[in-house]
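Novice: quick check, what structure comes out for this input:
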Amino acid sequence: MTKHFLPKVEFYITNVCNLTCDGCNRFNNFNFSGWQRWSDHEQEYQQWAQHVEIGQAVILGGEPLLNPDILEWVRGINQVFGVKVQILTNGTRINKVKGLYEFLRNNGNWLSISWHNPNKIDEIDAEVRQFLKEPVTRIDGPHVLNKYHADIMWMDRNGIIVPMWSHHRFYQSSVISNGAGGYTLHNSDPKKAHDNCGFAKYKNYHFIRGKLYKCGPVALFPEFDQQFHFDLSDQDRELINAYRPLCADEFETRGAEFLANLDQPLAQCKFCPVSSDFKLIASVSKKDLRFAEQQTG
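Specialist: Here you go, the predicted model:
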């Protein structure tokens, strides 16, 4: 059986983050709770592996290293899809996951950092140096030729690499203030919003809870609404819940049509901004995680 090739898929495994980056496009700057265990969705991904081949697998969140099942996710994706995994983290938790270094050293998976605050580079440097094994080499600048196109590249004596990208600016988020202490969404022309969407441009397809989504926002709108209750009309609330992701067990009936239209605008694109302007992240302060850490998947 010929499998459908997906060049890159992002496995989104937690809403929980320890930073409050304004404009986060998956809404993790809020006290957004919920995370996923690999074992709860392993059978679904085994079904998926019969239908799709993945070129690049990325695990992210939220902060993926806050998911206590992170290593099981990496092992599971390795075994089921036969692909190495990139863990995309904000860099603040890399020394808090027991056995992470040894795990990466032994199996070819790799860690990367999306670095959000230019004023915190010394803190991130210290975390990376603590994580790696001396002697450690740091290479800076866009002149550095590497396949990761990173702004900074770290490498240690065992050949473990940690590329870092400077992401100090975000697109405008779908979630906006309603001016009364609550939250609402945009009311955009869906095609214009899609034309200016980073998720669409870079084909950031998402696996979440064993289902394939076009992008992160369309997957997370209903979950965010359950926790924070958007200020929306009944019609718009119905629309955010109307999107149907693709499940593995319906691949034979819906798969061809779903994948053929995966890069087309959705009706739900109306909830995203038309502007493609980047804005400086106003806050990346540490978040009080006591509430979020009490929540389970």
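Novice: quick one: the helices in this structure?
Specialist: Along the chain, the segments classed as helices by DSSP state H run 38-48, 70-81, 100-107, 121-131, 190-195, 198-201, 216-228, 234-240, 251-260.
Novice: chain center to the fifth one, what's the gap?
Specialist: Counting by C-alpha atoms, centre = their mean, to the nearest Å, helix 190-195 is centred 21 Å from the centre of its parent chain.
Novice: mind listing what's buried in that helix?
Specialist: If you call a residue buried by 16 or more other C-beta atoms under 10 Å, then helix 190-195 has these buried ones: 190, 192-194. Every residue, glycine included, has its C-beta placed from N, CA and C.
Novice: format the helices of the chain as a markdown table; extra columns: distance to Arg138.
Specialist: Formatted as a markdown table, the helices of the chain follow (distance: least, C-beta to C-beta, whole Å):
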| stretch | distance to Arg138 |
| --- | --- |
| helix 38-48 | 33 |
| helix 70-81 | 25 |
| helix 100-107 | 17 |
| helix 121-131 | 7 |
| helix 190-195 | 38 |
| helix 198-201 | 28 |
| helix 216-228 | 31 |
| helix 234-240 | 44 |
| helix 251-260 | 41 |
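Novice: out of the ones you listed, which comes closest to Val284?
Specialist: Proximity to Val284 (C-beta to C-beta) singles out helix 121-131 among those, at 10.8 Å.
Novice: so the closest one versus helix 100-107, what angle?
Specialist: With axes from the mean of the first three to the mean of the last three C-alpha atoms, to 10 degrees applied, the angle from helix 121-131 to helix 100-107 works out at 60 degrees.
Novice: what's in contact with helix 121-131?
Specialist: The contact list for helix 121-131, computed with C-beta atoms under 8 Å, 6 or more residues apart in numbering, reads 91-92, 94-95, 100-101, 113, 115, 136, 138, 154, 162, 164.
Novice: how about those residues in JSON lines, adding pLDDT?
Specialist: Below are these laid out as JSON lines (pLDDT from 0 to 100):
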{"residue": "Gly91", "pLDDT": "96"}
{"residue": "Thr92", "pLDDT": "95"}
{"residue": "Ile94", "pLDDT": "98"}
{"residue": "Asn95", "pLDDT": "98"}
{"residue": "Leu100", "pLDDT": "97"}
{"residue": "Tyr101", "pLDDT": "97"}
{"residue": "Ile113", "pLDDT": "97"}
{"residue": "Trp115", "pLDDT": "90"}
{"residue": "Val136", "pLDDT": "96"}
{"residue": "Arg138", "pLDDT": "92"}
{"residue": "Trp154", "pLDDT": "94"}
{"residue": "Val162", "pLDDT": "95"}
{"residue": "Met164", "pLDDT": "94"}
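Novice: which one among those gets closest to Phe271?
Specialist: Comparing these against Phe271 with C-beta to C-beta picks out Trp115 as the nearest, at 28.6 Å.
Novice: what bits of the protein have low per-residue confidence?
Specialist: Applying pLDDT under 70 to the chain flags residues 142-146, 282-283, 290-297.
Novice: quick check, central residue of it?
Specialist: Closest to where the C-alpha atoms of the chain average out (C-alpha atoms, centre = their mean) is Leu60, at 3.8 Å.
Novice: beta partners of that residue?
Specialist: Counting by DSSP bridges, Leu60 forms beta bridges with Tyr12.
Novice: could you measure from it over to Asn158?
Specialist: Counting by C-beta to C-beta, to the nearest Å, the gap from Leu60 to Asn158 is 25 Å.
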